[in-house]
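# My questions are about this predicted structure, shown below with the sequence.
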Amino acid sequence: MSDVTLYHWEPNANSGKPMLALMEKGVPFNSHYLDLLNFDQHDPEYLKINPLGTIPAMTHGDRVLTESTAIMEYVDEAFDGPKLMPSDPQDQWRIRWWMKFMDQWLAPSFSMIGWSVFVGPSVRQKDPDLLKARIDRIPMPERRVAWRKAIYGLFSDAEMAESQRRVGVGIQMLEDALSKREWLASDHYSLADVNGFNLAYALPLSQPHLSNDDLTPNILRWLRAIYARPATKACWAMGKTDMVKRVAILEQEYIA
Amino acid sequence: MSMTLYHGEPNGPSLTVLAALFEKGLDAQLVKIDLAGGARHDLAVAHQAEVGMSIEGEGPVLVVNGEGMTDSVFIACYLDDQGTGPVLRPSEPYARWEMMTWCRQIIERCAPAAAFLGTKAHLATALAALPTETFLAVTAKMQSVDLAQRWSDIRTGTFPDDQQADSETKIAQAVDKVEAQLDGRNWLMGDFSIADLETYAWLAAMVDLVPSAFAGKPQTSAWLARVAVRPSVAKALSMAASGDPRNCWAPGPEINRWG
C-alpha cells in the first residue's frame, strides 16, 4: 500500500503528466480514477481533496498537491528514481519555459478543439436538467464557462480559428526545437518531454495535415521514442476511452 | 560565464529579475531597454523562440551563453542556482511546490489583470499618439501575432468592460490570498522567496489603480512596505529613470482565452 494517491482521468493532457512522471520514477501509487465525462471531479467527496474541482490532484501522506506541472516537479524532487530534471540550471530554465508555454498557450488551444469535437459531444446527450445541475455545481467560474461552451457547442468561429492558428504555430515550434535537440528542452529526457507527450501523442491523427513523417519528422521521431519507453506503455494501458487508444498510431512505421 | 540582462523600468517582470540578481550578489551587464517601445524585438536573440514567443509579453531577457532567457520566475530560479546570496526557493520539495504553485497563480491570474489595468492607465495614451507608420514598424518585428494584437488593442483603447471588471476582481482575489497567506508572517512562504518578488512586482502598482482591493488589508500593506525597502528591491527601484516606476508598463501576458 503506497502513501501516494493520484486522482486522475485518462493518461492524457493534465492527468497524464503526473501519471507518467510517477511511472518513470518507479513510484507506486494508488490510482483513483475520476470520470471527467461523468463530472466526478465536482463530486462533494472529491471537493474535500481539491475544493477547486480540478484534476489531477495527488496526496502524499497528509499532503495535498494540485497543478499537474508543479506536481511533476514535486514528484521528481521528493522520490528516488531516475531524475527527470537535468542538473544544469539553464536546462532547467528551458524545461520550465517550454512547460509554461505548453500549459498556458498551446495546450488550451488543443484543448478547445478537443473539448469541441470530443468532450462536448460525449456528454451532450445526457439529460438537460442533469447537465445544468452538473454545470451549476462547478466551483471555478472559468471552468463553468468552459463546460457551458463545450456542452452547448458555443465556441465561436473566431475562437476556434485562433486555436487552430496556435496549434499550427506550436507544431512548427516543436518541430524546430526537436530538430536542434534529441529531446524537447534539453539533451536529456525530462519533464518537458513527459508534458509534451501528453499534449502531442495523437498529433499525427488529430492534425494529419500539419504533422506527419514528411512534414514534421522530428516530432514523429520524438513521439515514437517516448512511446517506446516501458513507463509510457504501462501508463497508456491504464486508459479506458477510445481517445487515449489513439496513441497506437505511433506503432506505424511511416505516417504520411 | 558572463551574463547580460536587458531590462525595462523596475516594475513587473523586470523588477523581479533585477531584485533576484541583487539578492544573489551576481554580476551581470545591465542594459536598460525601452520595453514599451518594442526594443526587445531588436535584440540579437529576438528570433529565438523562447524570446519571441514568451507569453510573459514584454519582459526582461537574460542572455547567457548566447541564449536569450525569458519569463521572470524561471529566470529567478536560474539565478537562485548561480549566486551566493540567500536562497530564494525553499529546498524541501513540498514547500517548493507551494512556492511554484503560488507563482503560477500570480503568473496566470494576477499578472494579466495587472498588465491590462497598468497599460490602460499608463501606456494607451502614449501608444495612441504614435504615428501609424512608427507603430506598425514596431509590431511588424514581433514573432508572436497575439502579442502584436495586444499592442494594437492597447493603442486603439480596446479595453472591454467585462475584462476591466474581471481584472479588478483578479487583483482583489490576489490581495485576499496575500492577506490570508501572511497570517503573521513577514514573507509569503515564511522565508523570503521568489514568490515575494513576483507578487510584489505585479501588485505594487495596483494600490493606486484598484485601491478598494487593498482597503482593510493591514498585513498586505505592511508586507508591501517591507518588500519595497528590502535592499535588493530598493536598489532595483532606485534604477528608475522616469519618475515612479509603478507608472511604467509594457504589454504583458494575455488574459485567459477560456473565459
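Received it, and whenever you're ready, just let me know what you need. Residues are numbered from 1 along each chain as shown, chains lettered A, B, ... in the order given.

# So which residues on the stretch 1-150 of chain B come close to chain A?
Residues of the stretch 1-150 of chain B found near chain A (C-beta under 8 Å from any C-beta of the partner chain) are B:49-50, B:53-55, B:64-65, B:67, B:69-71, B:74-75, B:77-78, B:81-82, B:93-94, B:96-97, B:100-101, B:104, B:107-108, B:145-146. (C-beta placed from N, C-alpha, C; glycine too.)

# And the residue of the stretch 101-250 of chain A that's closest to chain B?
Closest contact between the stretch 101-250 of chain A and chain B, by C-beta to the nearest C-beta, is at A:Val145 (3.2 Å).

# what's around that residue, how many residues?
Counted by other C-beta atoms under 10 Å in any protein chain shown, the residues lying close to A:Val145 total 16.

# and what of the one 4 residues further on?
Neighbour count of A:Lys149, defined by other C-beta under 10 Å: 19.

# isn't it right up against A:Met160?
No: A:Lys149 is beyond contact range of A:Met160, at 10.5 Å (criterion: C-beta atoms under 8 Å).

# Helices - which of the residues of the stretch 1-150 of chain B next to chain A land there?
Under the assignment DSSP state H, these contribute B:49-50, B:74-75, B:77-78, B:81-82, B:93-94, B:96-97, B:100-101, B:104, B:145-146 to helices.

# PyMOL command to pick out the buried ones of those residues?
In PyMOL, a selection of the buried entries from those looks like this (16 or more other C-beta atoms under 10 Å in any protein chain shown):
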select buried, chain B and resi 49+50+74+75+77+78+81+82+93+94+96+97+100+101+104+146
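
# Not counting its own residues, what contacts the longest helix along chain B?
Counting residues, the longest helix found in chain B (DSSP H) is helix B:161-182. With contacts defined as C-beta atoms under 8 Å, 6 or more residues apart in numbering or on different chains, helix B:161-182 is touched by B:102, B:105-106, B:109-110, B:112-114, B:116-117, B:120, B:188, B:199, B:202-203, B:206, B:209-210, B:212-214, B:217, B:219-220, B:223, B:255.

# Where does the stretch 101-250 of chain B get nearest to chain A, which residue?
Per C-beta to the nearest C-beta, B:Thr101 is where the stretch 101-250 of chain B lies closest to chain A, at 4.7 Å.

# Okay, now the unreliable bits of the stretch 1-150 of chain B?
B:1 (pLDDT under 70).

# how does it look with 90?
Applying pLDDT under 90 to the stretch 1-150 of chain B picks out residues B:1, B:83-85.

# mind giving me the domain split of the chain?
Here I'm looking at chain A. According to automatic domain parsing, chain A comprises the domains A:4-78, A:89-251.

# The intended chain is chain B.
B:3-82, B:93-247.

# deepest of these, which one?
By mean neighbour count, with neighbours taken as mean count of other C-beta atoms under 10 Å in any protein chain shown, domain B:3-82 ranks first of the domains of chain B at a mean of 22.

# Straight-line length of it, end to end?
11 Å (C-alpha to C-alpha, to the nearest Å).

# Okay, strands next: where are they in the chain?
With no chain named, the answer covers chain A. Secondary structure of chain A (DSSP state E): strands at A:4-8, A:30-33, A:57-60, A:63-66.

# you looked at the wrong chain, it should be chain B
Counting by DSSP E, the strands of chain B are B:3-7, B:29-32, B:61-64, B:67-69.

# So what are the sheet partners of the last one and their directions?
This points to strand B:67-69. strand B:61-64 (antiparallel) (DSSP bridges).

# who touches the partner strand?
Against strand B:61-64 from outside (C-beta under 8 Å, 6+ apart): A:90, B:1, B:3-6, B:17, B:28, B:40, B:43, B:45, B:51, B:68-70, B:75, B:78-79.

# How far away from the center of its chain is that strand?
Computed by C-alpha atoms, centre = their mean, to the nearest Å, the chain-centroid distance of strand B:61-64 equals 16 Å.

# swap in stretch B:51-69?
Centre-to-centre, stretch B:51-69 and its host chain are 13 Å apart (C-alpha atoms, centre = their mean).

# Just the endpoints, please. Distance across that stretch?
Its first and final residues considered, stretch B:51-69 spans 7 Å by C-alpha to C-alpha.

# cool, and stretch B:14-31?
End-to-end distance for stretch B:14-31: 11 Å, by C-alpha to C-alpha.
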